[in-house]
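Asks: Dropping the sequence and predicted coords here.
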Number of protein chains: 2
Amino acid sequence: KLLNKSTLLNQTNRIVFNSNVVFGGNTSSVLYGGSNRNFGSKGKISEYSHKAKSALYHRGSTLYTNTTRDELIKMEKEFVPPQRYEPKTISDKIARKSVQFLRKFSNLFFREKYIHYAIVLETVAAVPGLVGSALLHLRSLRTMERNNWIKILMDEAENERMHLFTFIELSKPTLIERAMVAVAQGIYFNIFFAFYMLTPKTAHRFTGYLEEEALITYNNFLKDLDEGKVPNFSVNTPAPQLAIDYWGLPADATLRDCILVIRQDENDHRAVNHEISNRISKNNTDPIDL
Amino acid sequence: KLLNKSTLLNQTNRIVFNSNVVFGGNTSSVLYGGSNRNFGSKGKISEYSHKAKSALYHRGSTLYTNTTRDELIKMEKEFVPPQRYEPKTISDKIARKSVQFLRKFSNLFFREKYIHYAIVLETVAAVPGLVGSALLHLRSLRTMERNNWIKILMDEAENERMHLFTFIELSKPTLIERAMVAVAQGIYFNIFFAFYMLTPKTAHRFTGYLEEEALITYNNFLKDLDEGKVPNFSVNTPAPQLAIDYWGLPADATLRDCILVIRQDENDHRAVNHEISNRISKNNTDPIDL
Ligand SMILES: [Fe+2]
Ligand SMILES: [Fe+2]
Ligand SMILES: [Fe+2]
Ligand SMILES: [Fe+2]
């Protein structure tokens, strides 16, 4: 019996995966390198055929793995305008101010060059998830206490890297942008690392605000794309193949569709990071409910 | 139409996930915190219902997510005795010698206290995947070149952490072991980090050899458990719930079953790390075929 999504949704309030349930999604090809993947037949370096069933192992890290046209339409219709977390503490305010400063600075530099802005933005966005998950992983090993945030943060880092490569397929970064990114990483990674060690609560708040800005950027991108204001790109620009594979987009997907799923990813990151920040002082490391 | 595993295996040589295919696996509960997970109904911090379909998002990181009794039997029967990679270069030999030294040293300390040995072993094993994936992730952002090894290494780290917590459920580490682990991490993490920056090729070779030793340890564990030689534990010791959830083991699973799937995980890590080491100088970052 084939269960479709709405059955899954409505059948019970709790979905348990101890019976076979159906997942769609054209997720494996990009992460595992294109069309010649051969899950199930004898592997090159392994002999064990049992693996075939878990071809989703090491699959992508986005929630949106089989995003049909219908789902894209639903996604756009149901999108909730970026929610802004009202700063409550002094460190919240510092976190927000820093993000606002970075925002103004980068706006000056990029203006309407959205794709180039997005490339730089994503190389920056891919750092906090890595730093957070790495430090929490090491702490979990050291203290021998489980922590349910590590996986979601690792996946956030992977997810941001896929955003980056989606845009790189659309526009090769200029030499100056590449240099900027390389230099920025050296400084930013180390600062964020120290920052996270010092105050993970504020580091996650900072990331939450960064994600709010990313949401606004992708909102504006979408609006300007629809109004034909983005040089070199239009609503008809086809999506790169890797994006089609990663998010399971329809074959005729466009750049516009990519922005929809990326914006949705950012919205998840925003929620996850603000929630971790809220919970961190309570030492409540329960899983994050997305 | 429900496709079972053998259909998936035999139907075509290439499995494409753009149509609905069936995956089993009781994978979600442990990673997302036990039995009250509520995928699909309105989330606490998110409003978007589309997510229900991807409940495997942020799921576990092992290949063996729905390991029925039949599959455990098959797994044990088809297990290939640990393959040893013959050192070819001087650095291979150094990597092997270092691992052999660590092995002898820890054997002296632990003798037949397998669970305690495993706890310390796993806190050590959870470092290379993290270091490798973190450094490759940062390099990928910096150079803007995709790298298919990052995800599999992140997942290796997560996977090792789950091994650790499986054993921690069975035997609380002693104070001296906890102290040992904390001190060891401070030293070992930094050494391995520098080691990986210097020569990733040898670092992966080292990890490959470490996994070979882990395989032998779990082989011996299995043998001694079957012969009733492991104090406090027997073939009837029940598996911890988190292990049942993570690997999708049958409800009556035992410690013995856990060792079977853990050994299989280690075998994958061995293959992955030796393969990366082989390929690293060729700069071939294609996905690893498991
Ligand atoms: Fe992003
Ligand atoms: Fe993000
Ligand atoms: Fe392990
Ligand atoms: Fe391992």
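Replies: Cool, the structure landed. Numbering: from 1, shown residues only, chains lettered A, B, ... in the order given. Ligands and ions are numbered 1, 2, ... in the order given.
Asks: which SS state does the closest residue to residue A:228 other than its chain neighbours fall under?
Replies: Counting by CB to CB, 6 or more residues apart in numbering or on different chains, residue A:234 is the residue found nearest to residue A:228 once chain neighbours are left out, at 6.7 Å. Heads up, the C-betas are built off the backbone N, CA and C, glycines and all. Secondary structure, DSSP: H, G, I helix; E, B strand; the rest coil: residue A:234 is coil.
Asks: Am I right that residue A:172 is in a helix?
Replies: No: secondary structure of residue A:172 (three-state DSSP): coil, not part of a helix.
Asks: The closest residue to ligand 1 within chain A: how many residues sit nearby?
Replies: In chain A, the residue that lies nearest ligand 1 is residue A:163 (3.7 Å; CB to the ion). For residue A:163, the count of nearby residues is 26 (other CB atoms under 10 Å in any protein chain shown).
Asks: so what secondary structure elements neighbour the helix or strand it falls within?
Replies: Assigned by DSSP states H and E, residue A:163 falls within helix A:149-170. Contacts defined by 3 or more CB pairs under 8 Å, 6 or more residues apart in numbering or on different chains; DSSP states H and E place helix A:149-170 against helix A:114-143, helix A:241-247, helix A:255-280, helix B:114-143, helix B:149-170.
Asks: could you check the angle helix A:114-143 makes with it?
Replies: Computed by axes from the mean of the first three to the mean of the last three CA atoms, to 10 degrees, the angle separating helix A:149-170 from helix A:114-143 equals 160 degrees.
Asks: quick check, the helix or strand just after helix A:149-170 touching chain B?
Replies: Using DSSP H and E, the next helix or strand after helix A:149-170 towards the C-terminus is helix A:175-198. Yes: on the criterion CB under 8 Å from any CB of the partner chain, helix A:175-198 is in touch with chain B at A:178, A:181-182, A:185, A:189.
Asks: How about stretch A:256-266?
Replies: Yes: applying CB under 8 Å from any CB, one finds stretch A:256-266 touching chain B at residue A:264.
Asks: what's in contact with that stretch?
Replies: A:62-64, A:67, A:72, A:75-76, A:79, A:159, A:163, A:166, A:211, A:214-215, A:218-219, A:221-222, A:225-226, A:235, A:237, A:239-240, A:243, A:247, A:249-250, B:48, B:50 (CB atoms under 8 Å, 6 or more residues apart in numbering or on different chains).
Asks: which of those are buried?
Replies: Among these, those classed as buried by 16 or more other CB atoms under 10 Å in any protein chain shown are A:62-64, A:67, A:72, A:75, A:79, A:159, A:163, A:166, A:211, A:214-215, A:218-219, A:221-222, A:225, A:237, A:239-240, A:243, A:247, A:249-250, B:48, B:50.
Asks: could you pick out which of the residues you listed are near ligand 2?
Replies: Contacts with ligand 2 within the buried ones among the contacts of stretch A:256-266, as defined by CB under 5 Å from the ion: residue A:211.
Asks: Let me see the contact set for the closest residue to ligand 3 within the stretch 1-150 of chain A.
Replies: Using CB to the ion, the single residue of the stretch 1-150 of chain A nearest to ligand 3 is residue A:141, 11.8 Å away. Residues in contact with residue A:141 (CB under 8 Å, 6+ apart) are B:123, B:126-127, B:161, B:164, B:181, B:185.
Asks: One more pass at 7 Å, please.
Replies: If you count contacts by CB atoms under 7 Å, 6 or more residues apart in numbering or on different chains, residue A:141 has them with B:123, B:126, B:161, B:164, B:185.
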